[in-house]
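Asks: curious how this folds, go ahead:
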Amino acid sequence: MLENPRSPRVRAVAKLTKRSARTETGLFLLEGPQSVREALVYRPEAIVELFATPNGWEKHPDIRARAAEADVDVEFVTEYVLNAMADTVTPQGLVAVVQQTPTSVRDIFDASPRLVAICEEVRDPGNLGTIIRAADAAGADAVVLTGRTVDPYNPKVVRATTGSLFHLPVSIGGDLSEVVDRAHAAGLRILAADVKGDDLLKARADGVLAEPTGWLFGNEARGLEDDALALADQVLRLPIFGKAESLNLATAASVCLYESAFAQRALSLD
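Replies: Now for the predicted structure:
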């Protein structure tokens, strides 16, 4: 059992809360049973190390079974060690070190997707994690991150995805104009979500949302720059029916992705 929270091994794991260490090693940190469970189910080959307190391990027989099935060994640690490794105050008895597995932009669009979320300069970890989760829930085929969008392997992003990071391809570090070119070549229409756009309800009535779509979402504070908007085939806004000044980015993105998911599935039922 690992008992020293200041040991080099524990410090190496704890460093993964920093982007520089994640970039250098190609690894990232998972905390808590939900994230560990999803990794064991969907990407067990990516798990490099799995740590647990004896009590945390005992609480989750399904995780024990999945780890045994995937031939992933567990190393027991004290509560002090686990807390030293984790980014959260309460990692709930389980922490894993996992290999990053980003997908190339080329592979994403070569797979003929019908619905893709494209995030340009999204900086808030909670927003990005929620967008990835919403894209997964809406049945999107991929999430593409461009510009200076926050690292998807940031611990706060990973937690906000609640495991969806392991369910669909995610591409990082792309150039927006190149991404749009590849999306167009794959037959996707680019719809930009922005307050300066046309009413989404009209686009719904016109049948636009049923087409293969790449939804483009911008920065929380500034939205999309003019050069980014110029790359889109159409700019759409969500109508505000109440007194709210605006919608949170992740909320708006969730609505847009589901609008496309509803329209595409309705079309397939006709």
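
Asks: got phi/psi on A86?
Replies: phi -80, psi 160 (degrees, to the nearest 10).

Asks: does it touch L29 like I think?
Replies: Yes. A86 is within contact range of L29, at 7.4 Å (criterion: Cβ atoms under 8 Å). Where C-beta positions appear, they are placed from N, C-alpha and C, glycine not excepted.

Asks: any residues in contact with both of those two?
Replies: The overlap between the contact sets of A86 and L29 (Cβ atoms under 8 Å, 6 or more residues apart in numbering) consists of V95.

Asks: neighbour count for those two, which is higher?
Replies: Relative neighbour count places L29 above the other of A86 and L29, with 26 against 22, counting by other Cβ atoms under 10 Å.

Asks: tell me where the stretch 101-250 of the chain has helices.
Replies: For the stretch 101-250 of the chain, the helices defined by DSSP state H, counting those that start in this stretch cover 105-110, 125-137, 155-161, 176-185, 200-205, 226-231, 249-269.

Asks: next, format the ones you listed as CSV and append mean pLDDT, mean neighbour count and distance to R9.
Replies: As requested, the helices of the stretch 101-250 of the chain are arranged in CSV below (pLDDT from 0 to 100; neighbours: other Cβ atoms under 10 Å; distance: least, Cβ to Cβ, whole Å):
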stretch, mean pLDDT, mean neighbour count, distance to R9
helix 105-110, 97, 18, 34
helix 125-137, 97, 23, 26
helix 155-161, 95, 22, 19
helix 176-185, 98, 18, 39
helix 200-205, 92, 15, 51
helix 226-231, 96, 14, 43
helix 249-269, 92, 18, 36
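
Asks: wait, which of these is closest to L40?
Replies: helix 155-161 (14.9 Å; Cβ to Cβ).

Asks: tell me what the closest one is packed against?
Replies: Counting contacts by 3 or more Cβ pairs under 8 Å, 6 or more residues apart in numbering; DSSP states H and E, helix 155-161 packs against strand 27-31, helix 125-137.

Asks: residue contacts, the nearest residue to D87 once chain neighbours are set aside?
Replies: Taking Cβ to Cβ, 6 or more residues apart in numbering, and ignoring the residues beside it in sequence, D87 has P155 as its nearest neighbour in space, at 3.9 Å. Contact analysis of P155 by Cβ under 8 Å, 6+ apart lists 16-17, 28-29, 31, 87-88.

Asks: shaky segments in this structure?
Replies: Counting by pLDDT under 70, the chain contains low-confidence ranges at 268-270.

Asks: which residues in it form strands?
Replies: Secondary structure of the chain, counting by DSSP state E: strands at 27-31, 47-52, 75-76, 94-99, 115-120, 142-146, 170-174, 189-199, 213-217, 234-237.

Asks: give the partner strands of the third one in its sheet and their orientations.
Replies: The sheet places strand 75-76 alongside strand 47-52 (parallel), with pairing taken from DSSP bridges.

Asks: ok, now the fifth one?
Replies: With DSSP bridges as the test, strand 115-120 is paired with strand 142-146 (parallel), strand 213-217 (parallel).

Asks: quick one: the last one to helix 249-269, angle?
Replies: Relative orientation of strand 213-217 versus helix 249-269 (axes from the mean of the first three to the mean of the last three Cα atoms, to 10 degrees): 170 degrees.

Asks: ok, which of the helices of the stretch 101-250 of the chain comes nearest R37?
Replies: Shortest distance between R37 and the helices of the stretch 101-250 of the chain, using Cβ to Cβ, is found for helix 155-161: 13.2 Å.

Asks: OK, contacts around the residue nearest the centre of the chain?
Replies: Compute the mean C-alpha point of the chain, and by Cα atoms, centre = their mean the closest residue is I132, 3.5 Å away. By Cβ under 8 Å, 6+ apart, the contact list for I132 reads 117, 143, 152, 157, 160-161, 164-165, 168, 170.
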